[in-house]
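Asks: I'll drop the sequence and a predicted model, then ask my questions.
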Amino acid sequence: MPSSAGSFVTFLIVCPTSFFLGIIFSMFPYDYPILWSTKPTPSDYYTFLETHLKFMHASPPLIPRILHIVMFLGLAGLIAKLYKPSESNMLFDGASLVLYMCGVIVYIANVVKGLRIVSSGEYGVPYMDDEPDQVLGREDSLKVMAASNTILALVLVGVLVLQAGQWYAERKEQQDADALSKKENEAKKEPPKVARQGSSSASSKKKHLVLYMCGVIVYIANVVKGLRIVSSGEYGVPYMDDEPDQVLGREDSLKVMAASNTILALVLVGVLVLQAGQWYAERKEQQDADALSKKENEAKKEPPKVARQGSSSASSKKKHIFVTG
């Protein structure tokens, strides 16, 4: 039966995996013309991708640190689920850990090394130290980077599929256990035990929805419109249709895009914090319910206190009958 602690550890696995999938998806517009398009790839696309990769590699140290912290959280979640594992954990979480480590190896061997090569511009060197004949040029190196992103996407999707499969298996097991418990309670004519959910869970879900919808509104109002303005190059037009005096130039429009990304990040972090808070509240409620149920079971198991009469009392009665007789 899945526990609340197990659900939180699953939360630690799914969130970093989804985070990395989002990063890879942001690279898909660059990778698609190189790998998946049937048309010949123009040389400008390689220049765009090369510039983007150089910019990523030259990012402030805080960004790769955050990336590595999130990567460590996912790995820690998988290891924690394999502590005192059940059969389900060994199957699903063990396979998830193998896939996750494959992704880490691809990241270190291909992505990190590829970013260093692109930033230095030293193409045409042996790609592997032990294979000097394998020389990759500029286009081939960028194709390897794009293919590595595809491999990482497949690996991370595999982790999510395995976690979803484990959730389904545990849910099916829980349903079977509940059905069996219901039959036993009906046979004993006892009311079935129903898990009570407080109003805090419902209010937390409403907050999730409100925050998520705020993110959708920011995306539609700022990000989509900002991308259209940047693509068309029509800066200096009114940013809002109902506010013709609010005119944004090139720098202000790009600042609005950056601020929108920050707002979206805060909104999504807020959703995760609310989810963690809901998990804690449900865990606390479950602990209280388990403690109450334990007390009730202990009270039912206690035998009633009955005054026991020993053999001395029986022999005293026999003597009394003999004397009176």
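Replies: Structure received. What you are looking at is a predicted structure, and each value in this text was computed from that prediction instead of being measured.

Asks: And residue 213, how far from residue 267?
Replies: As judged by C-beta to C-beta, to the nearest Å, residue 213 and residue 267 stand 9 Å apart. Where you see a C-beta, it was placed from the backbone N, CA and C, and this is true even at glycine.

Asks: between these two, which one's more packed in?
Replies: residue 267 (19 against 11; other C-beta atoms under 10 Å).

Asks: where's residue 179 relative to residue 172, distance?
Replies: 11 Å.

Asks: in the stretch 101-250 of the chain, which spans are strands?
Replies: For the stretch 101-250 of the chain, the strands defined by DSSP state E, counting those that start in this stretch occupy 126-128, 131-135, 238-240, 243-247.

Asks: low-scoring pLDDT stretches of the stretch 151-300 of the chain, where are they?
Replies: The model of the stretch 151-300 of the chain has pLDDT under 70 over residues 189-204, 237-246.

Asks: That one: helices as residue ranges?
Replies: Under the criterion DSSP state H, counting those that start in this stretch, helices of the stretch 151-300 of the chain are mapped to 199-218, 225-232, 250-301.

Asks: Need the nearest residue in space to residue 23, chain neighbours excluded.
Replies: Among residues not flanking residue 23 along the chain, residue 67 sits closest, at 8.0 Å (C-beta to C-beta, 6 or more residues apart in numbering).

Asks: host element of that neighbour?
Replies: Assigned by DSSP states H and E, residue 67 belongs to helix 62-81.

Asks: could you say what helices and strands that helix packs with?
Replies: The contact analysis (3 or more C-beta pairs under 8 Å, 6 or more residues apart in numbering; DSSP states H and E) places helix 62-81 against helix 4-31, helix 94-106.

Asks: now the angle between helix 62-81 and the shortest one, please.
Replies: Between the axis of helix 94-106 and that of helix 62-81 there is an angle of 160 degrees, by axes from the mean of the first three to the mean of the last three C-alpha atoms, to 10 degrees.

Asks: Please renumber the chain so that the first residue is 36 from this point on.
Replies: Right, with 36 as the first residue, what we last looked at is helix 129-141.

Asks: count of neighbours near residue 183?
Replies: For residue 183, the neighbour count with other C-beta under 10 Å is 21.

Asks: Let me fix that, I meant to ask about residue 116.
Replies: Residue 116: 25 neighbours (other C-beta under 10 Å).

Asks: Could you double-check that it lies in contact with residue 45?
Replies: Yes - Residue 116 is within contact range of residue 45, at 7.3 Å (criterion: C-beta atoms under 8 Å).

Asks: Quickly list the domain ranges of the protein.
Replies: 36-229, 232-328 (automatic domain parsing).
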